[in-house]
Every structure is written in C-alpha cells, then in structure tokens.
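Asks: Any chance you can model this:
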Amino acid sequence: MEMVVAIAVVLIVIVALIAVTTISIRNASFSRNQVLATKYAQETIEKIREYRAMVDWTTFTENCEDPPDLPSISSTFSRTIACVYNGDSRKITVTISWTDAKGTHKSELTTVLTKWK
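Replies: Now for the predicted structure:
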C-alpha cells in the first residue's frame, strides 16, 4: 500500500513538472513573437517615415499603404498598413499579427506623419 501511495505522489509531481514546463515554453515562445512583431512594426514605420522624406506629399499619400523597400518579415507573421488621411497629416497604423496554439495575436503601432516639406 505504501508503495502505491509513493508511486502516486511521484506521478503527480512528474505531471505537475511537465505541465509547468509546457506552460513556460509556450509563454517564452509568445514573448519572443511579441518582441519580434513589435520590432517588425517599428522597422515598418521607420521605412514609411523615410519614404515620406524621399518623395513629395502627393506621392506619399497615394502609396502610403504600400511603400517600396519594406523590410522583410518572417513567414510566421503578416503585416498590414493602414493610412488615414486627415488634411496635412496621415495616421499610420502598422499591425503585425501571428497565430499560435493559443490563437491569433497582434502588435500594433501608430504614428502621425505630417506634410513637412
């Protein structure tokens, strides 16, 4: 009887350790993807800012959502760019999303660029 109880306790401890390890790995993977997504969004906003500086305002506003030479991102992620016109400014929202075992996640950054030339 004592042997059965000892085996049961050992099994409970092993199952608990496996569960904690699995959750830790999943959380680490999510954190890594969150950091990468934010980095990709920052790089995209910087490229859009550079594009605005290189071309005239009309060209920029026409191609705001699809500027040339965007940095590449991992195939795990997808990128969307939304540009909302507001007079002499554009509200730029870059969303980087990815899907994992827990569902779809996103990192979203927004900035406002103005007609400054």
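Asks: quick check, T95 in a strand?
Replies: Yes. In this structure, T95 lies within a strand as judged by DSSP: H, G, I helix; E, B strand; the rest coil.
Asks: Would you agree it is in contact with T38?
Replies: No. Shown here, T95 and T38 do not form a contact pair, counting by Cβ atoms under 8 Å, at 11.2 Å. The C-beta positions use only the backbone N, C-alpha and C, and glycine is treated the same way.
Asks: Neighbour count: the two, which is higher?
Replies: The neighbour comparison of T95 against T38 (other Cβ atoms under 10 Å) goes to T95, with 17 against 14.
Asks: and the residue nearest in space to the middle of the chain, what is it in contact with?
Replies: Among the residues of the chain, A37 comes closest to the average C-alpha position under Cα atoms, centre = their mean, at 2.5 Å. Remark: with contacts taken as Cβ atoms under 8 Å, 6 or more residues apart in numbering, A37 is in contact with F77, I96, S97, W98, H105, K106, S107.
Asks: related to what we said a few turns ago, which residues do T95 and T38 both contact?
Replies: Listed contacts common to T95 and T38 are S107; contacts here mean Cβ under 8 Å, 6+ apart.
Asks: What confidence value was assigned to E2?
Replies: Among the per-residue scores, E2 holds a pLDDT of 88.
Asks: The one 4 residues further on too?
Replies: What the model reports for A6 is a pLDDT of 90.
Asks: repeat for I25
Replies: The model reports I25 with a pLDDT of 88.
Asks: Check R79 too.
Replies: Predicted confidence (pLDDT) for R79: 97.
Asks: Please give the number of neighbouring residues around T111.
Replies: 14.
Asks: That one pairs with what?
Replies: On the basis of DSSP bridges, T111 is bridged to I92.
Asks: how about it, what does it touch?
Replies: When contacts are counted by Cβ under 8 Å, 6+ apart, T111 touches I45, R49, K91, I92.
Asks: Touching, the last one and Y85? I think so.
Replies: In this case it means I92. No. Counting by Cβ under 8 Å, I92 sits too far from Y85 to count as a contact (10.9 Å).
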